[in-house]
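A.B. asks: How does the following fold in three dimensions:
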Amino acid sequence: MRRIIVAAVAVMLMPARAWAQPTPAPLSITVDDAIARGLAASHRLAEAIARGDAAQAAVAQSRAAALPQVAAQAGYTRTNHVDAFAIVVPNGPLQLIYPDVPNNYRTRLDLQWPIYTGGRVEAFERAAQREASAAAQDVEAARADLRLEITRAYWAVVTATESQRVVDESVGRVDAQLADARHQLEAGLIPPNDVLTIEAQAAHQRMLSVQAHSLRDVTESQLAYLIGAEPGTPIVAVSALEVSPLPIPTLDVLTAAARRQRPERAALDSRAAAAGDRTRAAQAERRPTIAIGGGADYARPNPRIFPRQDVWASSWDASVNVSWPIFDGGRAGADVAAAQAGQRAAQARLADFDAALSFDLQQRASEVLSSRAAIAAAEQGVRAAAEARRVVADRFAAGVATSTDVLNAQVALLQAGLDRTQALAAAKLADARLSRAVGQ
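C.D. replies: I've put the predicted structure just below:
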């Protein structure tokens, strides 16, 4: 018990830093660097790549069905003892026809080669190739989605950081204003209610600062997860929050580019073609199939050699086999119907994608235009709020404006700055969404 108490006291007296986890070094990163790191560290992308590898393996598997199959076989069989059978040959010795051989050994090298399947094997191979192409396009779509998600998280961090800076600056200004108001109250220049109003506003600004810091931490953790950084890593986004107003092509140009470049559409197109190949493979089940076979046996005793002898002997065989299903109870017809239904479903998904594509592009282009217009309005608002604050400060210094007027001007400037930050980030995200919708 004494040792336990001593150990507990020692633990309580340990310095606090012994318990604290070391903070990772800050990570300064651009949006392009964040995308590159995220693509390299994404488990979802690794899963999509693995599915693509599996689709490529399925192509090799379907191609192997048209190649000759060679197998080596070996076996041993023990039988019960039987009475030997022999005949008497005139003027000759006793001829043993069926000896008692309880130990039977057999080895065979077997060959099977389907040389005609009515196009079924070829259709399955084409379908597998198109599925592999669709899986490769799924990987590209996953990359594009991940790029957009990382871009969104990155600019969310930039927005939260800028909002935090603006709010903290406003807190400092309000605190300074509060100190001046208290001095003026002591001098009897302003009533107490003006000081209380500023104190309430200062408390509100500090609450906004806490919320801004919390939002910054949340967005930072989201970006760290997406780029594979260590939890708790401070991230410094160094890309400038600026928007270059590039011209937006017409809707027809955007639609044509999206149909060429969108990996989702290419995947749907490949899967529709693969469904057509599976339909042709199902239809080929009604046609005859031709295969050749052969093999070499080396057995003891060899059942092909008569009379039977307890010795090792070799033999070979070659065959041509034709199979034509006359009646299968409707199985082939059901397979064809199911394949045709799958083909229609794939074509319907492709048609629905094409129908929704123009509307999606129009929406994304409208978001870009509206976000750029919002930037211009927000910048004008910042200039107006800054000028209004300057005028109110001069009036306050001249004694013709109250501290409440100064505080209101400061709040207006704060809101204008936040509006500008949000408008710039929204424009960045709108550009990224339009690029994603086009397939770039």
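A.B. asks: Farthest out from the centre of this structure, which residue is that? Tell me.
C.D. replies: Distance from the centre of the chain peaks at Asn91, with 88.0 Å (CA atoms, centre = their mean).
A.B. asks: sec struct for that one, please.
C.D. replies: coil (DSSP: H, G, I helix; E, B strand; the rest coil).
A.B. asks: Can you read off the pLDDT for it?
C.D. replies: Confidence at Asn91, expressed as pLDDT, is 77.
A.B. asks: likewise Ser403?
C.D. replies: For Ser403, the model assigns a pLDDT of 69.
A.B. asks: same question, the one 3 residues further on
C.D. replies: According to the prediction, Val406 has pLDDT 78.
A.B. asks: Show me which residues of the top strand by length along the chain are buried.
C.D. replies: As assigned by DSSP state E, the longest strand anywhere in the chain is strand 103-116. Going by neighbour count (16 or more other CB atoms under 10 Å), the buried part of strand 103-116 is 106, 108, 114. In this view, the C-beta of every residue, glycine as well, is placed from N, C-alpha and C.
A.B. asks: which is the next helix or strand following it?
C.D. replies: Downstream of strand 103-116, the first helix or strand assigned by DSSP states H and E is helix 120-186.
A.B. asks: on contacts alone, who are the packing partners of that following helix?
C.D. replies: For helix 120-186, the elements it packs on are helix 31-41, helix 43-64, helix 192-227, strand 235-237, helix 263-283, helix 403-438, judged by 3 or more CB pairs under 8 Å, 6 or more residues apart in numbering; DSSP states H and E.
A.B. asks: now this structure, which segments are flagged as low pLDDT?
C.D. replies: Low-confidence segments of the chain (pLDDT under 70): 1-22, 403-404.
A.B. asks: And it, split by domain according to the record?
C.D. replies: What automatic domain parsing lists as the domains of the chain is 23-66+118-287+330-438, 71-116+289-323.
A.B. asks: Highest mean neighbour count out of these?
C.D. replies: Comparing those by mean neighbour count (mean count of other CB atoms under 10 Å), domain 23-66+118-287+330-438 ranks first with a mean of 17.
A.B. asks: can you tell me the helix or strand for Trp316?
C.D. replies: Trp316 belongs to strand 313-323, assigned by DSSP H and E.
A.B. asks: between the helix or strand that contains Phe353 and helix 403-438, how many degrees?
C.D. replies: Phe353 belongs to helix 331-397 when assigned by DSSP H and E. Angular relation of helix 331-397 and helix 403-438 on a 0 to 180 degree scale: 160 degrees, by axes from the mean of the first three to the mean of the last three CA atoms, to 10 degrees.
A.B. asks: From the contact counts, what lies against helix 331-397?
C.D. replies: Packing contacts for helix 331-397, counted by 3+ CB pairs under 8 Å, 6+ apart, involve helix 251-261, helix 263-283, helix 403-438.
A.B. asks: partner strands of the longest strand of the chain, parallel or antiparallel?
C.D. replies: strand 69-78 (antiparallel), strand 289-300 (antiparallel) (DSSP bridges).
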